[in-house]
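Undergrad: pasting the structure only:
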C-alpha cells in the first residue's frame, strides 16, 4: 500500500525521524531503508528498541502511526496512473488485493482519503501475519485469499523487503521507484516509476 497505492513514504520518513528523535535514536537514510521501510511495526520497533513489553510496543506503534496520519492527511492522493490501471484490471476481471505491513487504521485512512476501497475485495494488513516482510507469508496468504497460486500472481512493491517477500512467495514482482532508486530494484521482474508506465500487455508478457 505505502509507496504503491500512495506515495506516502516521504511522510512516513518525517514521522519516523520525529518519533525516533523523541525516543533517543537518530537514524540515517540508509538505516531507515535497511531496518524500517517495508516492515511491520512489530519488526522495526523491536529491531530498534530490542525486547520491550507488548504494551510499550503497541504504544510506540500507535504513536508513530498517529503522527504519520496527522502529517499526511492533507496530501493523500493515489499514485500517478493507478486509477486508470485499476480500471483496466476491473474491465478484464482480474482480482485485486491489498497486502500490507501497515496497521488497519492506516489502510482505512488511505482508502477513505483516496476512494480506492471499491477496487479491493481482499485486504490483508499486519494483523494477518506472524512473520513480516521479507518473509513471504503476507503474499502466500493473500494469494490464497484471492484463490490463486502465488505463481499466478503479480506483486506491486516499493521496498526491498517487500520485493524479497514477493519473490520468496514465487510471484512476479513489479517494483515502483517511489522509495528506492531504480538501480536498487533490478532484482524485481519489472521496474517502473508509476502506473502510467504499466500496461496489461506488460503483465501478459511477464507471465509468459
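TA: Received the coordinates, thanks. This one's a predicted model, so the numbers in the text were calculated from it and none came from an experiment. Numbers count the residues shown, from 1 in each chain.

Undergrad: buried residues, the helix or strand of the chain with the lowest mean pLDDT. List them.
TA: Within the chain, no helix or strand scores below helix 29-35, which has a mean of 80 by mean pLDDT, DSSP states H and E. For helix 29-35, a neighbour-count test (16 or more other CB atoms under 10 Å) marks 32-33 as buried. For every residue, glycine as well, the C-beta is placed using N, CA and C.

Undergrad: which secondary structure elements does that helix contact?
TA: helix 9-22, helix 41-49 (3 or more CB pairs under 8 Å, 6 or more residues apart in numbering; DSSP states H and E).

Undergrad: pull the longest helix from the chain.
TA: helix 54-72 (DSSP state H).

Undergrad: related to what we said a few turns ago, with mean pLDDT as new columns, can the helices and strands packed on helix 29-35 be given to me in a markdown table?
TA: Converted to a markdown table, these look like this (pLDDT from 0 to 100):
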| stretch | mean pLDDT |
| --- | --- |
| helix 9-22 | 90 |
| helix 41-49 | 89 |
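
Undergrad: picking that back up, now for the longest helix of the chain, which elements pack on it?
TA: Using 3+ CB pairs under 8 Å, 6+ apart: helix 54-72 touches helix 9-22, helix 41-49, helix 104-114.

Undergrad: export these as JSON lines, with columns for distance to residue 201 and mean neighbour count.
TA: Putting the helices and strands packed on helix 54-72 into JSON lines (distance: least, CB to CB, whole Å; neighbours: other CB atoms under 10 Å) gives the following:
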{"stretch": "helix 9-22", "distance to residue 201": "29", "mean neighbour count": "17"}
{"stretch": "helix 41-49", "distance to residue 201": "37", "mean neighbour count": "18"}
{"stretch": "helix 104-114", "distance to residue 201": "26", "mean neighbour count": "17"}
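
Undergrad: so which of those is nearest residue 164?
TA: helix 41-49 (13.2 Å; CB to CB).

Undergrad: contact partners of that closest one?
TA: Residues from elsewhere that reach helix 41-49 (CB atoms under 8 Å, 6 or more residues apart in numbering): 20, 23, 25, 35-36, 39, 52, 57, 60-61, 64-65, 101, 103, 126, 132.

Undergrad: could you do stretch 106-117 as well?
TA: Counting by CB under 8 Å, 6+ apart, residues outside stretch 106-117 touching it are 1-2, 5-6, 8, 65, 68-69, 73, 76-78, 82-83, 86, 98, 100, 120, 123, 125.
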